[in-house]
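In: model the following, please.
(one chain, ligands or ions: 1)
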Amino acid sequence: MTMELKALDLKGLYFPPGELIAERFKLSERIGEGTFGQVYRAEDTLIESEVAIKLFAREVLRTPLDEERFLKATRAARTLTQRNVVRLHDSGVHKGHPWVSMQHLEGLNLQKVLKMRQERGQRFELEELEPIVAQITLALQHVGRDYPHGNLKPENILFLPDLLKITDTYVLAALAPEVVAERAHQSPFMAPELRSAAGAPDARADVYSVGALLKEMVFGPDHAPGSYRGDSQLEAVDALIQRAMATVPDERYPSVEALGEDFATVVDTGQRLVSDGNGAAPTPMPPAPPMAPAAPSAELLEEETPLDIGEPPEDDIATVEVKRSGQKPELIDMLPTNEVDRATHAAPPVTSTSSGTASSGATGPSAPPPPSQVPARKERSPGVAGKVAATPASAARGAAQKKTGGKVPVAALVALIFIALIVALVAMQRDDKPAANQASISAAEAVSPGEPKPEELANASSVTPDSGASDEVAEAAQARREAMASLVASAGPQLYKAVDDASQAAATRGEELAEETRQAELVAAQQQAETSAPQPEQGGSSSTSPTGRASERTASGAASRPTEEAARPVARGTNCPSGMVLVRANAGNFCVDAYEYPGRGRTPKTRVTWFEARRLCAQDTKRLCTISEWRSTCGGSAYPYGNSFDADRCNTADEDGFERNVSAAGSFAQCRSRSGAFDMTGNVHEWVEEQRVAGGGFDSSEDVASCRYSSPKAPGSGASNIGFRCCANPS
Ligand SMILES: Nc1ncnc2c1ncn2[C@@H]1O[C@H](COP(=O)(O)OP(=O)(O)OP(=O)(O)O)[C@@H](O)[C@H]1O
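Out: Sure, this is the predicted structure:
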């Protein structure tokens, strides 16, 4: 049996403002409506918090079985807690209307962003789409492979300042197949197999939807296959979309992850790379394109970037790792995630991926700050603004700053941009007529489109019919939302891109300067040791390392701290052994294992001392990476994927600060640096030549699981969370 959904009376409100749902949720204004029902802003009177309520049309429930199905599916969906999934709080049936309550999001949906862009003839750049696809993939992974979302479409993708969330994850399971089938006939984003109520859709239904979303975002609604605007990269994307949208599920990608991986590869390399079909990590990419185009020249950087790079304190990992024991607390179904609060404290958005090409123009969804329930977690890694006023500089950084003469053009420029934007924001918020100054609104929203301001929050909660909010206030709110839309649709991405480029360049150069200073300290300390102290005898007691730290001795008594790095000739070759990727660095090219030892799909070797790691690399005619090489591989940003921490992207402590387990190398497919190396942060801490461990492990939070973190470690020690990867010179 099918039903004429379009015939449903959705023009009027189901209930007047002030209607109390489940004696708890007081309806306010209607946010929007779709085929199945209406979404309202509402107040949760129990905890005095704003929520969104989706009320379904009565017609979707025709039998007691339908109601049972609805309640069961929505109850199950309340356990979904991944950050890219809108959190569901409660559900029920009110006067015949099924309903769900959920976090209210003050953002824009993709439909609106698409519309704005299409009106201006703008398309999404491929680099912008990579983090979007990555976050959708994470959300869908969480929702579950066995039961697809099924109804993924632009209206169900909501953009917040620094991340996106998908809604309606429960709809397919909650509604009768006949109802879904009727909807599928109307939606270009729903897989064809959903048009039959008899079908048993699987994850490939979502592959179809993501393909349709990509098609819309890359090519727009009028795209005819074959018209690539003369661009071979677009041709590759089009082929990928065709495969994703194949009518027969068997001909599609087997999973959204597999699709996402191919898409990332096309974006990063401009090439097609067919994944292995199982959603596992693809074969390591061929040598990465030079990273140089993205960064300003070294000369320029030296002038411009004496920023504190915000390296975390060099405590031993044991002192900074997150707690290792303890059960995850029970999830409280009714706990509202205070998205507003999170958004208010979010760091400035930054680009989360990079293509390695000079032309990238990404908007950068980044991770939100940690939930307030996790007091142990520190402040988020600083964005650009944060970097300018970071923690006290180390001696190395101080030296690096001296070297640059303390000039701060990039920092000043970025700070100026932010100050100007903040001034504009304040001016806008003081303005009694918010729509009056579109330019200042747009500029202010560029900092953080969609981010609610304190006054706006106050307004939002006062825009309840009960409080007698005026039309003028509603209009002002609407004007502000339009301004946000305008910004996201045009200026925002460019600004994010500019800020991110500056940030990355600054971070990269800061790292280089710090490393140069470290090397200088090494040489100086060594010279001092040579002239003022007798050489320790073979097998003697521990010596002081060139950095002033005690270092152990090898079994033969030879000094364990290597110093040959400085003398290593600059390598210019580009051929790497199998399983390694090429990294091009100013100091010379080098090859690095794409995966932690022993390699892809294998559990990393742990409980390995520095000596053993070194020996195992040498067995393969490789060597341990220097810290400088390791950092270059990880990339110029704080994390392999950008400057904002994402607890789900690499195998680190999870969003709530709880450790995961060590996993097979490469299983976190999105944890890939731009050079093509996996698990640079998280999974296992990695030994480097300087007798340090870098990158954090499955138990590390954002401070430690970072490209910038490393910690000295006694070379004879090993632990269940310490492994390594090897480097080699290219031929
Ligand atoms: N939690 C939320 N917070 C804020 N806005 C939301 C929320 N959930 C949905 N919306 C918005 O409400 C509007 C209506 O959503 P709704 O889910 O009813 O429509 P739809 O997804 O287009 O249709 P369908 O009924 O087919 O699912 C959309 O613009 C959507 O972006």
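
In: count the neighbours of whatever residue of the chain ends up closest to the ligand for me.
Out: Shortest the chain-to-the ligand distance, computed as CB to the nearest ligand atom: residue-wise this is Gly34, at 1.7 Å. For glycine as for every other residue, the C-beta is placed from the backbone atoms N, C-alpha and C. By the measure other CB atoms under 10 Å, the count of residues near Gly34 is 19.

In: SS state for the closest residue to it other than its chain neighbours?
Out: Leaving aside its chain neighbours, Gly34 sits nearest to Glu155 (6.3 Å; criterion: CB to CB, 6 or more residues apart in numbering). Taking DSSP: H, G, I helix; E, B strand; the rest coil as the rule, one finds Glu155 in the helix state.

In: enumerate every residue touching Glu155.
Out: Taking CB atoms under 8 Å, 6 or more residues apart in numbering as the contact definition, Glu155 lies against Gly32, Gly34, Asn109, Leu110, Gln111.

In: nearest to Gln186, of the residues you listed?
Out: For these, the residue nearest Gln186 by CB to CB is Gly34; the value is 10.7 Å.

In: got phi/psi on that closest one?
Out: With angles defined as degrees, to the nearest 10, Gly34 sits at phi -130, psi -160.

In: do Asp90 as well
Out: Dihedral angles of Asp90 (phi, psi; degrees, to the nearest 10) stand at phi -150, psi 170.

In: what's the answer for the one 3 residues further on, then?
Out: Torsion angles at Val93 (phi, psi; degrees, to the nearest 10) stand at phi -130, psi 130.

In: pLDDT wise, what is it at?
Out: As summarised for this prediction, Val93 has a pLDDT of 96.

In: excluding its backbone neighbours, what's nearest it?
Out: Residue nearest to Val93 in three dimensions, not counting chain neighbours: Glu67, with 6.1 Å by CB to CB, 6+ apart.

In: that neighbour is in contact with Leu61, isn't it?
Out: Yes. With contact defined as CB atoms under 8 Å, Glu67 reaches Leu61; the gap is 5.3 Å.

In: who has more neighbours out of those two?
Out: Comparing Glu67 with Leu61 by other CB under 10 Å, the one with more neighbours is Leu61, at 21 against 16.

In: check contacts around the more buried one.
Out: By CB under 8 Å, 6+ apart, the contact set of Leu61 is Glu67, Phe70, Val93, Gly96, Pro98.

In: try it again at 6 Å.
Out: Leu61 sits next to Glu67, Pro98 when contact means CB atoms under 6 Å, 6 or more residues apart in numbering.

In: same question, Asn651
Out: The neighbourhood of Asn651, defined by CB under 6 Å, 6+ apart, consists of Arg660, Ser663, Phe668, Gly682, Asn683, Phe698.

In: most neighbours, which of those residues?
Out: Neighbours were tallied for each of these (criterion: other CB under 10 Å), and the maximum of 34 neighbours falls on Asn683.

In: just for the protein, where's the confidence low?
Out: Across the chain, the stretches falling below the confidence threshold (pLDDT under 70) are 1-11, 145-146, 225-229, 271-570.

In: what about 50?
Out: Low-confidence segments of the chain, defined by pLDDT under 50: 1-10, 274-474, 476-477, 480-481, 483-517, 519, 522-523, 526, 529-567.

In: what does it have sitting close to the ligand?
Out: Proximity of the chain to the ligand (CB under 6 Å from any ligand atom) is limited to residues 31-37, 39, 52, 54, 86, 102-105, 109, 155-156, 158, 167-168.

In: what comes up buried for stretch 193-210?
Out: Neighbour-count burial for stretch 193-210 flags 193-195, 199, 201-210 (criterion: 16 or more other CB atoms under 10 Å).

In: right, I'll call it a day here.
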